[in-house]
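Novice: structure of the sequence below:
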Amino acid sequence: MACVLVADSDSVVRSSIGRALRLRGHRVRTAPSLQEARAELDVASRLDAIVIGLEIPDPRGVRAVWGPLRDAADGVPVVVCSASAKPKRTLGEVAAWFRKPLEVRQLLDFVDELDTDDRR
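Specialist: Numbers count the residues shown, from 1 in each chain. This next block holds a predicted model:
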C-alpha cells in the first residue's frame, strides 16, 4: 500500500481524504500548509504520492512554495485538487488533476493504481 501526504488548508477535506485512504489500507501523513507539506517531505522516509489542495494559503503566494515543494518531491507523483477548472501553467507537470468538489473514489482509484514497488 502507498504512503500518501495529504496537504490541504481545509481540515474537513484533509481529514476526509486521509480517512478514505486509510480505509483502503494506505498510510497517510497530513499538512495544513505548503510549508508544512515541505517539512513533511524532509522527515518522511518515503512517500508514494502527494495530494495537495491548490488553494492552500501562503503569505508568499502559491508559486513561491509550490516550486520548491514539487522539486523536493523528487519524482513522487503530485495530485492537485482544486476548484479551478484548468491547471495553472505555472505549476508544471502534475500526475493528476481532480476538480473540487472531489469525487473521492477517483482519487482512491488513482492512488490504488500507483506502482509503489518501483519506489521502494
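
Novice: who touches Gly18 in this structure?
Specialist: Neighbouring residues of Gly18 by C-beta atoms under 8 Å, 6 or more residues apart in numbering: 6, 28, 30. Heads up, the C-betas are built off the backbone N, CA and C, glycines and all.

Novice: and the gap between it and Pro101?
Specialist: Going from Gly18 to Pro101 by C-beta to C-beta, to the nearest Å gives 17 Å.

Novice: next, the buried residues of stretch 25-37.
Specialist: Residues 26, 28-32, 34-35, 37 are the ones in stretch 25-37 that count as buried (16 or more other C-beta atoms under 10 Å).

Novice: what's the farthest-apart pair in those?
Specialist: The span of the buried residues of stretch 25-37, defined through C-beta to C-beta, is set by His26 and Gln35 at 23.7 Å.

Novice: still on that earlier bit, in helices only, show me the buried residues of stretch 25-37.
Specialist: The members of these that map onto helices under DSSP state H are 34-35, 37.

Novice: now tabulate the residues you listed in a markdown table and tack on distance to Ala2.
Specialist: Output for these, formatted as a markdown table (distance: C-beta to C-beta, whole Å):
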| residue | distance to Ala2 |
| --- | --- |
| Leu34 | 21 |
| Gln35 | 23 |
| Ala37 | 16 |
